[in-house]
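Peer 1: whatever this is, show me its structure:
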Amino acid sequence: MENVSSVTSRDSLANTQPERWQELLERLAADAAEISDRTATKLLETVSGYEAVDSESVRQSSLRNIALTIRMINAGTQPESADLPEALMLADERIAQNVPLGSVLRGFRTSMGEILQHMVALGAEFNIDPRRMLEWSTLMWAINDVYSTCATAVYRDHEIAHAIADSVRRTEWIGKVISEGSALSELLWGAAMYDVPADVPLRVLAAASPDRSQAERKIQEWAQRAGVRVLTSVQPSVIVGIVIGEPRRNVSGPGFSVGLGRPEVLSRLAASYEDASLVLKAADNLSIDAVSRAQDLTWKLAIHSNPRVTEILAHKYIEPLQESGEFAHEIVESVRAYLDNQMNIPAAARSIPVHVNTLRYRLRRFEELTDSYLEDAQTVIEVSWVLESGGEEI
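Peer 2: Now for the predicted structure:
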């Protein structure tokens, strides 16, 4: 940008009086109180978001903007971020006053507009060339642009810092909620801050996902489908959430194992977390990528904590099949279909699919090789255990 102090009225008439632009800037400084009063009145009447800001604060920022304008005109160069410490000061001040970023930017434009309007009104009196006034106007728009960039960066950094601080507080509080012996006063403090009811049943959610950066988002998407609100945090080894409301059943899960604890009031959510952790371990071990409750898994909850039982049952029901070679896989497939379809042979045959007589033959062969009877209740439980555990690997 051309140095504005060097602009001359090259095309002016010979008798035109010389510009007195430095005197205009002195007059602008002298009229600063008047401009700032007018700016404060207009801004507070027309820009929303300044409800918590008093007129004196707006006047002071207007005075700084006038000084900034004079300084930048005298410098005669395009402004850079380092030239506008006022931007950082004002942004920090308005953040403390809870003024939204959009309102701050509109307020700054209003202030600069009042300054420019006053300068234009003084132009004729001080014989300012219109081209100089145009350059000043362009310069002031450049100041506005740089200010907007600086203020936006300050607000962004503040939001990031606030989000991080809130995440830390939330994680610490949820950690206390799921721990035995936490003070009730601490639980109630967090409940009030995060709008968590203290006297109605809640559930704790425990989840495991290799991609934790996306896991919380996917849990929130599940919560929307399930009609609940979930307050989540990433604990050292698991993602934990407090579920507010009773989740709808039969909605798609987040795509990974999630354990849901039993309903308890806030002061007893440690018990719900214990439930959720047990369910999560079982579901993860069984490769169940869904939201599961204890009543969904029932006896399956014991599988992950009893590997010796799985080993014994695999020896009893799986190892004898190995002598059948590749046919062993078809036997296991048929037994699984039989059990999954409540021992209904026609339904099981359709699910694979094979002919019912083929299925009957495979089931009979299983009974012969394992010396068992598939209509015996104990056999059904034991075979179901080994198949659910993954012990059917041959």
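
Peer 1: and the closest residue in space to residue 98 that isn't next to it in sequence, how far is that from residue 365?
Peer 2: Using Cβ to Cβ, 6 or more residues apart in numbering and skipping residues adjacent in sequence, the residue nearest residue 98 is residue 52, 5.6 Å away. Yep, even glycine has a C-beta here, placed from its N, CA and C like the rest. Note on residue 52: its distance to residue 365, by Cβ to Cβ, to the nearest Å, is 80 Å.

Peer 1: sorry, back to before: tell me which element the residue nearest to residue 98 falls in.
Peer 2: Residue 52 belongs to no helix or strand when assigned by DSSP states H and E.

Peer 1: on that earlier part again, who's more crowded, residue 52 and residue 365?
Peer 2: Per other Cβ atoms under 10 Å, whichever of residue 52 and residue 365 has more neighbours is residue 365, with 18 against 11.

Peer 1: ok, that one - contacts?
Peer 2: 324, 327, 331 (Cβ atoms under 8 Å, 6 or more residues apart in numbering).

Peer 1: likewise residue 358?
Peer 2: Contact analysis of residue 358 by Cβ under 8 Å, 6+ apart lists residue 349.

Peer 1: what do you get if the cut-off is 6 Å, keeping everything else the same?
Peer 2: By Cβ atoms under 6 Å, 6 or more residues apart in numbering, the contact list for residue 358 is empty.

Peer 1: gap between it and residue 330?
Peer 2: Where residue 330 is concerned, residue 358 sits at a distance of 9 Å (Cβ to Cβ).

Peer 1: then residue 202?
Peer 2: Distance from residue 202 to residue 330, by Cβ to Cβ: 47 Å.

Peer 1: so between those two, which is more surrounded?
Peer 2: Using other Cβ under 10 Å, the more surrounded residue of residue 202 and residue 330 is residue 202, with 24 against 17.

Peer 1: what's around the residue nearest to residue 31 when sequence neighbours are not counted, how many residues?
Peer 2: If the residues on either side of it in the chain are set aside, residue 31 comes closest to residue 118, at 6.5 Å by Cβ to Cβ, 6+ apart. Neighbours of residue 118 under the rule other Cβ under 10 Å: 20.

Peer 1: for this structure, longest helix please?
Peer 2: helix 130-177 (DSSP state H).

Peer 1: now it: average pLDDT?
Peer 2: Confidence for helix 130-177, expressed as mean pLDDT, is 91.

Peer 1: what about residue 193, distance to residue 100?
Peer 2: Residue 193 is 22 Å from residue 100, by Cβ to Cβ.

Peer 1: domain map for the protein?
Peer 2: Domains of the chain are assigned by automatic domain parsing as 4-161, 187-302, 307-388.

Peer 1: mind checking these for the one nearest to residue 170?
Peer 2: domain 187-302 (5.3 Å; Cβ to Cβ).

Peer 1: okay, and which of the contacts of residue 365 map to helices?
Peer 2: 327, 331.

Peer 1: of the contacts of residue 365, buried ones?
Peer 2: With burial judged by 16 or more other Cβ atoms under 10 Å, the buried subset of those is 324, 331.
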